[in-house]
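Novice: From the sequence below, what's the structure:
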Amino acid sequence: MRSSWFSKLSVIFGSRPPLSWLLLCLISLVALITVLGSSSSNAFDSVTPTPVPNIYLNYRRLKEQAAVDYLELKSLSLGASHQRELGLCGKERENYVPCFNISENLLAGFKDGEEFDRHCEVSRDRERCLVRPPKDYKIPLRWPTGRDVIWSGNVKITKDQFLSSGSMTKRLMLLEENQITFHSEDGLTFDGVNDYSRQIAEMIGLGSETEFLQAGVRTVLDIGCGFGGFGAHLLSLKVMAVCIAAYEATGSQVQFALERGLPAMIGNFILRQLPYPSLSFDMVHCAQCGIVWDEKDGMFLIEADRVLKPGGYFVLTSPTDKLHESSVSMKNRNMLTPLEELTQKICWSLLAQQDETFIWQKTGDTDCYASRKQGGVPLCQEGHDDQSYYQPLLSCISGTNSKRWIPIQNRSSNSHMSSTELEVHGKYCVLPEDFFEDLQVWKSALKNYWSLLTPLIFSDHPKRPGDEDPLPPFNMVRNVMDMNAHYGGLNAAFLEEKKSVWVMNVVPIRGPNTLPLILNQGFAGVLHDWCEPFPTYPRTYDMLHANGLLSHLTSERCSLMDLFLEMDRMLRPEGWVVLSDKVGAIEMGRTLAAQIRWEARVIDLQNGSDQRLLVCQKPFVKK
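Specialist: Here you go, the predicted structure:
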């Protein structure tokens, strides 16, 4: 057969085919192979894709994204201020708090109270939109007026719910149907918060409440703070009180406190540790906070012990009706029996009891744990408390091996930290010269902010059209968040300049854990992962500040757009954002700011570096 086919070809083309024909065949063959190879490659890729095409596809996507970023930045530099603006969320999201979706948590199988806890792994809503304010929302009154008068339309508790919320609101009143006013004597006790604070001071052996600082009480964790009356009073004594309370679907203690300009965040005693390191607070306070402390083998009380400093105080109050005082007191004494047994197992001593208030003191001597009777709560192994970001609750006592185990009574009463105090911060030991140099840098930076943003933020005459003349101090900013707080230098600068603000110092979890240093200065602070939403309600901060955060997060798994959306959710209308970073990160930030409708401008610091400032203001969108 082979010879017959060859003979036929010879007859057609001759014994020696022409050279042009051979070239034509060669070209045709190459074209055929190319076509077949392409089609077979496509068919093969559709069934079993290989790594090579993925590499080229990723490279192409990177090139396309780079081109898009370049065009957006170019259009911004040419004056285009609105690039693909995001839409507004629906009305159902006016008080949206990510990670606390109770219905989603129930569907995921959480129950027995765990559905009210924080579950970011369940709440993965990818819809990107801007959380808008309620219809009746108004800009909060300026501090200090805003501490005692808030707009009822700014909080999610209704007028009827407010009036029916119990005896604690008897001294509260509604004015003009749209305001809630708090008296200076509002509190959870019968005689008012001033007398209550004085009572606590006397029970721990002080002559008056003005001696809290001298006794080492600088920071208080106020659990279930009600409407914030006790915390507001402590702040007037220069004691930093941070309110934590569980997420509430209707009404919110945390939202009320923040609306009044008081430090607060959502926090639960349910499954996991609070996002604070061990030995964080000088006092833990619970007045009718709803926690059964001896449940789950006392793990809630062990968590309170974890965050309490040596020599610190645990205050537990259960106000009751005086008509039934005798019978209820007897009942409470019976209920406290297992609690008292548990406190002995963790080396707490009952310092005083008066009416319905009990105060325990945590031991300042680690030898107490070795001398306990058999059956005491065991000590944690060394290094067990290095990471305290929503880890499971512990069943052991932590912090006893820490260099920061210093009784609060032995601490210097000076508000400025000494070199000796700086040396006890573990593996993230801070060099004194670096710490003090950082303070000077932020003092200078804050003065520049003041000069730069006046009369926009800290105006001497911040009168809006239609407003009455404001009373001094003329301060449009009260709640400030430093999203990458480092040593707390910005907070220290605010205090140095005697500005009437408070700062939530946030320490990202993937950097050095400087939070113990921040808390030891008497500041408010918390650990947080900026790839997740922050545990607060919408519209709770007047100003957000971050130094170097954008550059830090560009190498992380989270999206900068999600970060900016979260910032927009936390920020009050007409609130401000000040970001300091490298020029590339700032330019990207300006692009994102345009997409979420912020008014933004980039400021060259003119110091010869590649650092820039991005200053943004969130508009008051009414719809």
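Novice: what sits against the closest residue to Q611 other than its chain neighbours?
Specialist: Closest residue to Q611 apart from its sequence neighbours, by Cβ to Cβ, 6 or more residues apart in numbering: L605 at 5.5 Å. Using the backbone N, CA and C atoms, a C-beta is placed for each residue, glycine as well. Counting by Cβ atoms under 8 Å, 6 or more residues apart in numbering, L605 touches Q611, R612, L613.
Novice: Distance of L605 relative to D355?
Specialist: According to Cβ to Cβ, to the nearest Å, L605 stands 58 Å off from D355.
Novice: before we move on, the earlier item: in strands only, show me the contacts of L605.
Specialist: Those of the contacts of L605 mapping onto strands are Q611, R612, L613, per DSSP state E.
Novice: Show me what the second one is bridged to.
Specialist: Bridge pairing for R612 (DSSP bridges) gives the partners D581, D604.
Novice: I'd assumed I586 was in contact with it.
Specialist: Yes: between R612 and I586 a contact is recorded at 4.2 Å, counting by Cβ atoms under 8 Å.
Novice: shared neighbours, these two?
Specialist: Counting by Cβ under 8 Å, 6+ apart, the residues touching both R612 and I586 are V602.
Novice: neighbour-wise, which of those two wins?
Specialist: I586 (23 against 20; other Cβ atoms under 10 Å).
Novice: OK, contacts around the more buried one?
Specialist: So I586 contacts L550, L579, V602, R612, L613, L614 (Cβ under 8 Å, 6+ apart).
Novice: Quickly find the element holding it.
Specialist: helix 583-595 (DSSP states H and E).
Novice: next one: D195
Specialist: Using DSSP H and E, the element containing D195 is helix 193-203.
Novice: If you count neighbours, what's buried in that helix?
Specialist: By 16 or more other Cβ atoms under 10 Å, the buried positions in helix 193-203 come out as V193, N194, Y196, S197, R198, Q199, I200, A201, M203.
Novice: what distance separates that helix from the centre of its chain?
Specialist: Offset of helix 193-203 from its chain centre (Cα atoms, centre = their mean, to the nearest Å): 31 Å.
Novice: and that helix, what other elements does it pack with?
Specialist: Applying 3 or more Cβ pairs under 8 Å, 6 or more residues apart in numbering; DSSP states H and E, we find helix 193-203 packed against helix 229-236, strand 348-354, strand 357-362.
Novice: Which of the ones you listed sits closest to C558?
Specialist: Smallest distance to C558 across those (Cβ to Cβ): 31.9 Å, for helix 229-236.
Novice: In the sheet, which strands lie alongside the next helix-or-strand element following the closest one, parallel or antiparallel?
Specialist: Later in the chain than helix 229-236, the nearest helix or strand by DSSP H and E is strand 240-245. In the sheet, strand 240-245 lines up against strand 219-223 (parallel), strand 264-266 (parallel) (DSSP bridges).
Novice: Can you tell me what sits against the first one?
Specialist: By Cβ under 8 Å, 6+ apart, the surrounding residues in contact with strand 219-223 are 230-231, 234, 239-245, 267, 269, 276, 280-286, 289, 291, 307, 519, 522-524.
Novice: Kindly recompute the last result at 7 Å.
Specialist: Residues outside strand 219-223 that contact it (Cβ atoms under 7 Å, 6 or more residues apart in numbering): 230-231, 234, 239-244, 281-286, 289, 291, 307, 519, 522.
Novice: re earlier: now the ones in strands among the contacts of L605 as JSON lines including distance to L393 and pLDDT?
Specialist: Shown next, in JSON lines, are the ones in strands among the contacts of L605 (distance: Cβ to Cβ, whole Å; pLDDT from 0 to 100):
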{"residue": "Q611", "distance to L393": "42", "pLDDT": "91"}
{"residue": "R612", "distance to L393": "44", "pLDDT": "93"}
{"residue": "L613", "distance to L393": "42", "pLDDT": "94"}
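Novice: With distance to A492 as extra columns, can I get these in CSV?
Specialist: Output for the ones in strands among the contacts of L605, formatted as CSV (distance: Cβ to Cβ, whole Å):
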residue, distance to A492
Q611, 21
R612, 24
L613, 20
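Novice: Just give me the closest of these to E295.
Specialist: L613 (49.5 Å).
Novice: looking at it, that closest one is touching V577, isn't it?
Specialist: No: L613 is beyond contact range of V577, at 10.5 Å (criterion: Cβ atoms under 7 Å).
Novice: between the two, who's got more neighbours?
Specialist: Remark: of L613 and V577, V577 carries more neighbours, 24 against 19, as counted by other Cβ under 10 Å.
Novice: tell me the contacts of the nearest residue to that one once chain neighbours are set aside?
Specialist: Distance criterion Cβ to Cβ, 6+ apart; nearest residue to V577, sequence neighbours excluded, is C616 at 4.2 Å. C616 sits next to W576, V577, A593, W598, E599, A600 when contact means Cβ under 7 Å, 6+ apart.
Novice: Look at C616 and tell me its secondary structure.
Specialist: strand (DSSP: H, G, I helix; E, B strand; the rest coil).
Novice: Show me the beta-bridge partners of it.
Specialist: Counting by DSSP bridges, C616 is bridged to V577, A600.
Novice: That one and L234: what is the separation?
Specialist: 33 Å.
Novice: try L549
Specialist: With Cβ to Cβ as the criterion, L549 and L234 are 30 Å apart.
Novice: quick one, what contacts V526?
Specialist: By Cβ under 7 Å, 6+ apart, the neighbours of V526 are M265, P275, Y276, M504, V506.
Novice: ok, now with 6 Å
Specialist: With contact set as Cβ atoms under 6 Å, 6 or more residues apart in numbering, V526 has these partners: P275, V506.
Novice: center of the protein - which residue?
Specialist: The centre of the chain sits closest to F534, judged by Cα atoms, centre = their mean, with a distance of 4.0 Å.
Novice: If we go by neighbour counts, what in the helix holding I586 is buried?
Specialist: A585, I586, E587, M588, G589, R590, T591, L592, A593, A594, Q595.
Novice: Is it possible to get CSV of the buried residues of helix 193-203 that adds distance to C225 and pLDDT?
Specialist: Shown next, in CSV, are the buried residues of helix 193-203 (distance: Cβ to Cβ, whole Å; pLDDT from 0 to 100):
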residue, distance to C225, pLDDT
V193, 11, 88
N194, 16, 88
Y196, 13, 92
S197, 14, 94
R198, 19, 94
Q199, 18, 95
I200, 15, 96
A201, 19, 97
M203, 20, 97
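Novice: picking that back up, can you say which of the helices and strands packed on helix 193-203 is nearest to G153?
Specialist: Counting by Cβ to Cβ, G153 lies closest to helix 229-236 out of the helices and strands packed on helix 193-203; the figure is 21.5 Å.
Novice: how far out from the middle of the chain is the closest one?
Specialist: The answer for helix 229-236 is 21 Å, by Cα atoms, centre = their mean.
Novice: elements contacting that helix?
Specialist: Under the contact criterion of 3 or more Cβ pairs under 6 Å, 6 or more residues apart in numbering; DSSP states H and E, helix 229-236 touches helix 193-203, strand 240-245.
Novice: That helix vs helix 193-203, what angle?
Specialist: 70 degrees (axes from the mean of the first three to the mean of the last three Cα atoms, to 10 degrees).
Novice: what's next to helix 229-236, contact-wise?
Specialist: D186, G187, V193, S197, V220, D222, C225, A241, C243, L262.
Novice: re earlier: quick check: the gap between the residue nearest to the centre of the chain and F620.
Specialist: Taken as Cβ to Cβ, the span from F534 to F620 is 22 Å.
Novice: neighbours around N607, how many?
Specialist: 6.
Novice: what helix or strand does it sit in?
Specialist: Per DSSP H and E, there is no helix or strand for N607.
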